[in-house]
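**Student:** Attaching a predicted model along with its sequence, questions to come.
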Amino acid sequence: MIFPFRHPELTTDRSSEGSVRSVAAARRAAVPSSGGPDNSLSGRAQRAGGHLKICSMVLFSFALCACSSAVTPEKIARIKPAMTAGQVEAVLGRPASIEQSETADQTISGEIDHYPAPNGEGRVIFVNHAVFKAEFLPGAKS
């Protein structure tokens, strides 16, 4: 014999007037609504749990991208003079280390971003916040 499945939200309830309504509608009618967000402890916990799930998924995707974004000579070749640091990060990701320097009179500032790779190292040299040179050094370790 097969018994039909009854979902608790879809089962019906007969009120004193004889009309049929869902249990979910009855629950909503029984709980007074302030018109605003649910600020009860359980409502905040549910939202926090949802935020935790989203944050963990975002962190996992960043970790996955970091593992698959090894610097290669081909990626370094995509870096062109006058690119900004943001444009370089879009191609290579964040550098592992940064060396900064400037002239004594502070008219010229420079930066070398290091991108280690299994078979060498990528280096991007910035002068006054724009790419001056990008190079891949095979066998180099930073």
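**Tutor:** That came through, no problem.
**Student:** Quick one: residues contacting Thr103.
**Tutor:** Neighbouring residues of Thr103 by CB atoms under 8 Å, 6 or more residues apart in numbering: Ser109. C-beta coordinates here come from the backbone N, C-alpha and C atoms, glycine included.
**Student:** Make residue 1 into 39 and carry on from there
**Tutor:** With the count now opening at 39, the last piece we talked about shows up as Thr141.
**Student:** What score does it have for pLDDT?
**Tutor:** According to the prediction, Thr141 has pLDDT 87.
**Student:** got it, and the one 5 residues further on?
**Tutor:** The pLDDT attached to Ile146 in the predicted structure is 88.
**Student:** wait, it sits on His167?
**Tutor:** No. In this structure, Ile146 is not within contact of His167 by CB atoms under 8 Å, at 10.9 Å.
**Student:** Give me the secondary structure label for Gln138.
**Tutor:** What DSSP: H, G, I helix; E, B strand; the rest coil gives for Gln138 is strand.
**Student:** what's the neighbour count on the residue lying closest to it once chain neighbours are set aside?
**Tutor:** Nearest residue to Gln138, sequence neighbours excluded (CB to CB, 6 or more residues apart in numbering): Glu149, at 5.0 Å. Neighbour count of Glu149, defined by other CB atoms under 10 Å: 18.
**Student:** ok, which stretches of the chain are strands?
**Tutor:** Taking DSSP state E as the criterion, the chain contains strands spanning 50-52, 58-60, 135-140, 147-155, 158-165, 168-176.
**Student:** Would you mind measuring from the closest residue to Pro156 other than its chain neighbours to Glu159?
**Tutor:** If the residues on either side of it in the chain are set aside, Pro156 comes closest to Ala108, at 6.6 Å by CB to CB, 6+ apart. Per CB to CB, to the nearest Å, Ala108 is found 12 Å from Glu159.
**Student:** higher neighbour count, those two?
**Tutor:** More neighbours surround Glu159 than the other of Ala108 and Glu159, with 19 against 15 (other CB under 10 Å).
**Student:** Against Val109, how distant is the nearest residue to that one once chain neighbours are set aside?
**Tutor:** Spatial nearest neighbour of Glu159, chain neighbours left out: Ala178 (4.2 Å); criterion: CB to CB, 6+ apart. The gap separating Ala178 from Val109 is 12 Å, by CB to CB.
**Student:** Good, wrapping up.
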